[in-house]
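A.B. asks: Sharing a model that was predicted from the sequence below.
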Number of protein chains: 2
Amino acid sequence: MKHLLKTFKIAVNEKTYVKDPDSSELGKKIVENSILMIQEMGFESFTFKKLGDKIGSNESSIYRYFENKHKLLLYLTSWYWGWLEYQLVFSTNSISDPEEKLEKAIALITRPVEMDASFEHINEMLLHQIVVNEYSKSYLTKEVDTENKEGYFEIYKRLITRMFEMIVAVNKDYPYPHSLASTVLEGVLHQYFLREHFPTLTDCNNQVTPTQYFTHLVFNSLKASTYG
Amino acid sequence: MKHLLKTFKIAVNEKTYVKDPDSSELGKKIVENSILMIQEMGFESFTFKKLGDKIGSNESSIYRYFENKHKLLLYLTSWYWGWLEYQLVFSTNSISDPEEKLEKAIALITRPVEMDASFEHINEMLLHQIVVNEYSKSYLTKEVDTENKEGYFEIYKRLITRMFEMIVAVNKDYPYPHSLASTVLEGVLHQYFLREHFPTLTDCNNQVTPTQYFTHLVFNSLKASTYG
DNA sequence: TAGCTTTTGATAGTAATACTATTATTTTTG
DNA sequence: CAAAAATAATAGTATTACTATCAAAAGCTA
């Protein structure tokens, strides 16, 4: 995907970082290599000490950018959702037919991630893997309500709301548009996870895409006026 | 729910424990109080040391029952899925009509949990909360493939397979029965979570139940022969 | 380019976690 | 009652997740 502006920036909640990692080389190195390391060793094993060693920098320097690894995860995943939202808006904006628009939106949200050369220090495909494997951990915490109030999940919520609006535009009488939107957003991560680790629990594989499954799911839910 | 046999026992993978917690008073105390504590403070803050203090027992004694808290979580969640599976089989067994059977199955899986007096040391409602908040963490790990091979997720997989079979029995031409089954099982936990922490992202509330939403979702997917 | 500010690095230190090992004590049971 | 099993107590280790302090380097500015 090509951007018109070279200086285009994904805006994430400023509370996720102490110092904007986009503002320095070290900051970008922290983000770039944290993506590589979290994907490689998993969020649990990942530490700022190890990251410091890897980038030839000091643990204490990393703490000047992110309070802790939880906040870093919030930063990375917010960035991902912001990036996805940008693509969603960009590519559905001009479509006026509601069904076509929703179909396009589902395709975009469920498709395999492609690299985006606009952000040199971010490997979007690895970041997608991180979102699949770790995103739930960012909200399945005792602090979720506080953090929600502080706006850490705004982008994700906005994305779901956009899907909600597109669903309503197709069928204003469908009774569960919020739940359907959140099911798709969360469900697609789950199907990608299952395809990798529990292939017998999903139909998604080399022949069948998550896009086909979720398109079928959503449109048949919306066509129906019976049941429930 | 009443059982005919007082000695009825949910069978979980023996590898989850070092010594069967059902085999002693201390074991039952560990299980009972770990449920209370994990629900209260969250899995991350929960430690064997704190549990030991709470039950007036020693940390080292707890290690003789469970290798670590991850294994304890696998034990607790496996127990929950085993308990749910038992209820599912029990209450759908006698139903011959496939649609009615599937409808009953969805209702059971999506309904709010009721207490079961057969297991005195287990608070099923709190355990359900734990499954909602922590289950993903048991498989979103770097060890998932090894642990899957070792059978730690067998009961959950069997539950999904049972749902899969019921779906196929209703419509053998539906192209995504595995994905639909896994979406319902995982999605219902998610909807319960959203209802609690992100009410704007779900339609489930005091008026609308997860059962209604998922019943609608599944049956309209199965009725359709078009799309996708 | 000297001098000031900002950034980064190095070192040290703390409380807690997640264990393991050993030994002592209590409880069970044959 | 003795032996075995279970539990408790204590100590110890490596690692984590930080915080604090000070030194060095880089950048910027008069």
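C.D. replies: Yep, it's here.
A.B. asks: mind listing what's buried in stretch A:15-26?
C.D. replies: A:16, A:17, A:21, A:26 (16 or more other Cβ atoms under 10 Å in any protein chain shown). Quick note: C-beta positions are derived from backbone N, CA and C, even for glycine.
A.B. asks: if I read this right, residue A:88 contacts residue A:108, doesn't it?
C.D. replies: Yes - using Cβ atoms under 8 Å, residue A:88 is in contact with residue A:108, at 5.6 Å.
A.B. asks: spatially speaking, which residue is in the middle of chain A?
C.D. replies: residue A:81 (3.7 Å; Cα atoms, centre = their mean).
A.B. asks: Name the nearest of the buried residues of stretch A:15-26 relative to chain B.
C.D. replies: Nearest to chain B, judged by Cβ to the nearest Cβ, of the buried residues of stretch A:15-26 is residue A:16 at 18.2 Å.
A.B. asks: For stretch A:80-94, could you pull out the residues that count as buried?
C.D. replies: Going by 16+ other Cβ under 10 Å, stretch A:80-94 has these buried residues: A:80, A:81, A:82, A:83, A:84, A:85, A:86, A:87, A:88, A:92.
A.B. asks: Take it, keep the C-alpha atoms, and write them as CSV.
C.D. replies: Extracted in CSV, the C-alpha atoms of stretch A:80-94 (Å, rounded to 0.1, in the frame of the first residue of the first chain):
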residue,chain,number,x,y,z
TYR,A,80,-1.5,-2.0,14.2
TRP,A,81,-5.2,-1.2,14.7
GLY,A,82,-4.6,2.4,13.6
TRP,A,83,-2.8,1.2,10.5
LEU,A,84,-5.7,-1.1,9.7
GLU,A,85,-8.2,1.6,10.3
TYR,A,86,-6.4,3.9,8.0
GLN,A,87,-6.5,1.3,5.2
LEU,A,88,-10.2,0.6,6.0
VAL,A,89,-11.2,4.2,5.7
PHE,A,90,-9.0,4.7,2.6
SER,A,91,-10.3,1.8,0.7
THR,A,92,-14.0,1.9,1.6
ASN,A,93,-14.4,5.7,1.5
SER,A,94,-15.4,6.0,-2.1
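A.B. asks: quick check, it touching chain B?
C.D. replies: No - contact of stretch A:80-94 with chain B is not found when judged by Cβ under 8 Å from any Cβ of the partner chain; the minimum separation is 13.2 Å.
A.B. asks: quick check: longest helix of chain A.
C.D. replies: helix A:69-92 (DSSP state H).
A.B. asks: now the helix or strand following that one: mean pLDDT?
C.D. replies: Note on helix A:69-92: by DSSP states H and E, the next helix or strand toward the C-terminus is helix A:98-110. Helix A:98-110 shows a mean pLDDT of 98.
A.B. asks: Need the residues that contact whichever helix or strand comes after helix A:98-110.
C.D. replies: Downstream of helix A:98-110, the first helix or strand assigned by DSSP H and E is helix A:124-139. Helix A:124-139 has contacts (Cβ atoms under 8 Å, 6 or more residues apart in numbering or on different chains) with A:35-36, A:38-39, A:42-43, A:70, A:73-74, A:76-77, A:79-81, A:83, A:112-116, A:147-148, A:152-153, A:189, A:192-193, A:196, B:136-137, B:140, B:197.
A.B. asks: Next: stretch A:204-211.
C.D. replies: A:106-107, A:110-111, A:188, A:191-192, A:194-195, A:199, A:213, B:175-176, B:179.
A.B. asks: Name the residues of that stretch that come out as buried.
C.D. replies: Buried, per 16+ other Cβ under 10 Å, within stretch A:204-211: A:204, A:208, A:209, A:210, A:211.
A.B. asks: related to what we said a few turns ago, okay, and which of the buried residues of stretch A:15-26 map to helices?
C.D. replies: Those of the buried residues of stretch A:15-26 lying in helices (DSSP H): residue A:26.
A.B. asks: Let me know the closest of the buried residues of stretch A:15-26 to DNA strand D.
C.D. replies: residue A:26 (10.6 Å; Cβ to the nearest atom of the strand).
A.B. asks: residues from chain A in reach of DNA strand D?
C.D. replies: The interface of chain A toward DNA strand D, taken as Cβ under 7 Å from any atom of the strand, is made up of A:45, A:47, A:48, A:49, A:50, A:59, A:60, A:63, A:67, A:68, A:69, A:70.
A.B. asks: residues near the residue of chain A found nearest DNA strand D, how many?
C.D. replies: With Cβ to the nearest atom of the strand, the shortest gap between chain A and DNA strand D falls at residue A:68, namely 2.8 Å. Neighbour count of residue A:68, defined by other Cβ atoms under 10 Å in any protein chain shown: 11.
A.B. asks: Leaving out the residues flanking it, which one is nearest to it?
C.D. replies: residue A:48 (8.0 Å; Cβ to Cβ, 6 or more residues apart in numbering or on different chains).
A.B. asks: just residue A:155 next, same as before
C.D. replies: residue A:81 (4.4 Å).
A.B. asks: Can you name the residues that contact the one you found?
C.D. replies: Counting by Cβ under 8 Å, 6+ apart, residue A:81 has contacts A:131, A:155, A:156, A:159.
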